[in-house]
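Student: Output the structure for:
(one chain, ligands or ions: 3)
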Amino acid sequence: MILINKPTELHEKIKEERQKGRSIGFVPTMGALHEGHLSLIQVARSNHDLVVVSIFVNPLQFGEGEDFETYPRDIDRDQELCRQEAVDILFAPSVSEMYPETASVEIKVVEGVDVLCGQSRPGHFDGVATVVLKLLHMVWPDAAYFGQKDAQQVAVIKQMVKTLSMPLSIVASPTVRESDGLAKSSRNVHLTKDERQIAPKLYQTLLEAKEHASGGANRKELISFIQKRLETLTLGRVDYVDVLSYPKLEQVEELSGTIILALAYHFSHARLIDNIIIEK
Ligand SMILES: Nc1ncnc2c1ncn2[C@@H]1O[C@H](COP(=O)(O)OP(=O)(O)OP(=O)(O)O)[C@@H](O)[C@H]1O
Ligand SMILES: CC(C)(CO)[C@@H](O)C(=O)[O-]
Ligand code: BAL
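Tutor: Ligands and ions are numbered 1, 2, ... in the order given. A predicted model of the protein is given here:
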């Protein structure tokens, strides 16, 4: 495995590999790797000759007062994990390498961002789209791999790639969970012991809501069911709860087709998200 920090160096290496006719799989991350990330790397490894992973905590997608500074970082451990997963290139640029000059163009996502994380973190997906677009231009992979835990991110990026006619596939993988159901997240290390104990309730609540949906509950009833359950938790507070069509993320009163049940929850030092997708 080689570690590259400079975009120009990455370009050179990728050009060489492309000339050899090798297929490239790309996994963008913000580091502090866990089994969720590793599952994406493993799928990419099984599909491609060359696997590129990026680690970059992107300041553009963090709002004021969010956790950019305290976001978990451990490049040495990440490097070792990537080596174990037979990653070929680990790309870890600094902020100034990624954004060397004032931008002459701004990326604005205009579809599917008036709900969920797009609504509760204004500008977040503009930052995500900007960095993902830059990374995709640097790596120019045949496919890029994302986790379904960030379901809105998957929808936004798939749509962006389509809008911009980019010749690559966006592949989504299921959410990897702890044995008690909590979705793996780099931010889980910021949970206190008590918070960690109740955090699995987020997923359990979504599963109970799924049962409620099979019993015929409509959108409003499901949202209220999830909210009430979450309000009984003694720590933290609800950021959002919603039930929408997926991947369009539209409000549909009578639920049919593919539906996402999604939530975000603030603990003292970690905002966690989770979702499940159901067929009605
Ligand atoms: N539990 C998981 N299962 C599958 N994929 C995941 C999981 N957690 C994160 N991913 C995916 O890994 C990629 C990189 O995500 P990121 O580095 O932000 O990790 P994270 O654990 O989601 O961090 P955060 O603390 O911001 O939630 C994204 O495509 C994300 O959806
Ligand atoms: C896709 C991504 C790496 C862009 O910074 C980030 O949003 C993430 O880790 O999900
Ligand atoms: N995986 C989502 C990245 C973020 O929370 O900014």
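
Student: And the strands in the chain?
Tutor: Here the chain has its strands, by DSSP state E, at 2-4, 24-29, 50-55, 89-91, 143-147, 169-173, 237-245, 258-266, 271-279.

Student: Check what pLDDT the closest residue to Ile277 other than its chain neighbours gets.
Tutor: Spatial nearest neighbour of Ile277, chain neighbours left out: Ile260 (5.2 Å); criterion: Cβ to Cβ, 6 or more residues apart in numbering. Where you see a C-beta, it was placed from the backbone N, CA and C, and this is true even at glycine. With respect to pLDDT, Ile260 scores 98.

Student: Now do the contacts for Trp140.
Tutor: In this structure, Trp140 makes contact with 14, 18, 24, 168, judged by Cβ atoms under 8 Å, 6 or more residues apart in numbering.

Student: for Val51, same thing?
Tutor: Residues touching Val51, when contacts are defined by Cβ under 8 Å, 6+ apart, comprise 24-27, 41, 44-45, 85-89.

Student: can you check Phe62 too?
Tutor: Residues 68, 71, 124, 127 are the ones in contact with Phe62 under the rule Cβ under 8 Å, 6+ apart.

Student: With Gly31 instead?
Tutor: 55-57, 72-75, 78, 92, 186.

Student: And the helices in this structure?
Tutor: Secondary structure of the chain by DSSP state H: the helices cover 7-19, 35-47, 75-84, 95-98, 116-120, 124-139, 151-163, 193-198, 201-214, 219-231.

Student: Tell me what angle the second one forms with strand 143-147.
Tutor: Read it as helix 35-47. Between the direction of helix 35-47 and that of strand 143-147, the angle (axes from the mean of the first three to the mean of the last three Cα atoms, to 10 degrees) works out to 160 degrees.

Student: and of the contacts of Val51, the nearest to Leu116?
Tutor: Val27 (22.9 Å; Cβ to Cβ).

Student: ok, how many other residues are close to His37?
Tutor: Using other Cβ atoms under 10 Å, the number of residues around His37 comes to 26.

Student: repeat for the one 3 residues further on
Tutor: Using other Cβ under 10 Å, Leu40 has 26 other residues around it.

Student: Then Thr232?
Tutor: A count of neighbours around Thr232, defined by other Cβ under 10 Å, yields 9.

Student: Quick check: Ala270 touching Thr192?
Tutor: No - taking contacts as Cβ atoms under 8 Å, Ala270 lies outside contact range of Thr192: 9.3 Å.

Student: Between these two, tell me which one has more neighbours.
Tutor: For Ala270 and Thr192, the more surrounded residue by other Cβ under 10 Å is Ala270, and the numbers stand at 22 against 12.

Student: Compute the distance between that one and Gln197, please.
Tutor: Relative to Gln197, Ala270 is positioned 14 Å away (Cβ to Cβ, to the nearest Å).

Student: Next: Val171.
Tutor: Per Cβ to Cβ, Val171 is found 34 Å from Gln197.

Student: The two: who's more crowded?
Tutor: Using other Cβ under 10 Å, the more surrounded residue of Val171 and Gln197 is Val171, with 17 against 12.

Student: which residues touch the more buried one?
Tutor: With contacts taken as Cβ under 8 Å, 6+ apart, Val171 has the following neighbours: 43, 143-146.

Student: quick one: pLDDT of the closest residue to Arg187 other than its chain neighbours?
Tutor: The shortest distance from Arg187 to any non-neighbouring residue, by Cβ to Cβ, 6+ apart, is to Ala270 (4.2 Å). pLDDT recorded at Ala270 is 98.

Student: for ligand 1, what are the nearby residues on this structure?
Tutor: Residues of the chain lying near ligand 1 by Cβ under 6 Å from any ligand atom: 29-30, 36-37, 39-40, 146-147, 149-150, 173, 175-176, 183-187.

Student: Check the residues you listed one by one and keep those near ligand 3.
Tutor: Among the residues of the chain next to ligand 1, the residues that sit close to ligand 3 (Cβ under 6 Å from any ligand atom) are 30, 150.
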